[in-house]
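**Student:** Requesting a structural model of the entry that follows:
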Amino acid sequence: MAKQINQIVTSTDTFQTWVDINNQIVDFCNTEVVSVNAAGGLTTGDGFVNGQFGANIMSTAILRGGNNTANSVLTIETNTYFNSVKINVGNSTVNSTINSIAYTPPFEKSKEICRHLWKN
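**Tutor:** Now for the predicted structure:
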C-alpha cells in the first residue's frame, strides 16, 4: 500500500508545514518501511503484498498459503528442489497429486529407504 504524503509547496506552505511533512516521513520510515542491510536487517510486524514479491533466498520459520490473516492452500507451481535430509508433508488429511518425483538422499539414507520400500 502506498502511503500518501503531500508534497511541500514552497510558494505557499509555512515552515510548520515543512516540519509536519518531515515528521510524517520519519514516522512512515519508523513504522511502515521494510528495510534491509548487509547484516540481515530485521523489521517486526505484519504485511501483505498483493502482487509479486521475489527474492534469491527466502528464509522463514513457517511457509503457508493465504495472507496475513487467514491460512489457505499453498500452491507450488514449479519444479522444486528440496535440499534436506528430512521432508515432512501433511497433516491429518493429505490430498496430493504427483506427476513425477526424483529424490536423491545421502547414500546411507537411500539404502535404508530402499530396504523399507521393498519390504512393503
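**Student:** hey, where'd the helices end up in the protein?
**Tutor:** 15-31, 107-119 (DSSP state H).
**Student:** in the first one, what counts as buried?
**Tutor:** Same thing as helix 15-31. The neighbour-count check on helix 15-31 (16 or more other Cβ atoms under 10 Å) flags nothing as buried. Placement of C-beta: from N, CA and C, glycine included.
**Student:** So that it lines up with my notes, have the first residue be 34 from now on.
**Tutor:** From this message on, residue numbering opens at 34, which makes the last subject helix 48-64.
**Student:** any idea which of the helices of the chain scores lowest on pLDDT?
**Tutor:** When mean pLDDT is averaged over each of those, helix 140-152 scores lowest at a mean of 63.
**Student:** Which pLDDT does the model give the residue lying closest to G74 once chain neighbours are set aside?
**Tutor:** Using Cβ to Cβ, 6 or more residues apart in numbering and skipping residues adjacent in sequence, the residue nearest G74 is S68, 5.0 Å away. The confidence metric pLDDT takes the value 74 at S68.
**Student:** count of neighbours near S68?
**Tutor:** Using other Cβ atoms under 10 Å, S68 has 8 other residues around it.
**Student:** measure it to N89 for me?
**Tutor:** Distance of S68 to N89, computed by Cβ to Cβ, to the nearest Å: 18 Å.
**Student:** likewise T102?
**Tutor:** The spacing between T102 and N89, counted by Cβ to Cβ, is 28 Å.
**Student:** Between these two, which is the more surrounded one?
**Tutor:** Each of T102 and N89 has its neighbours counted (other Cβ under 10 Å); T102 has more, 7 against 4.
**Student:** Tell me, what's the model's pLDDT at the more buried one?
**Tutor:** The per-residue pLDDT reported for T102 equals 84.
**Student:** for the one 10 residues further on, same thing?
**Tutor:** What the model reports as pLDDT for N112 is 74.
**Student:** try N121
**Tutor:** pLDDT recorded at N121 is 62.
**Student:** again with the one 10 residues further on
**Tutor:** Predicted confidence (pLDDT) for I131: 60.
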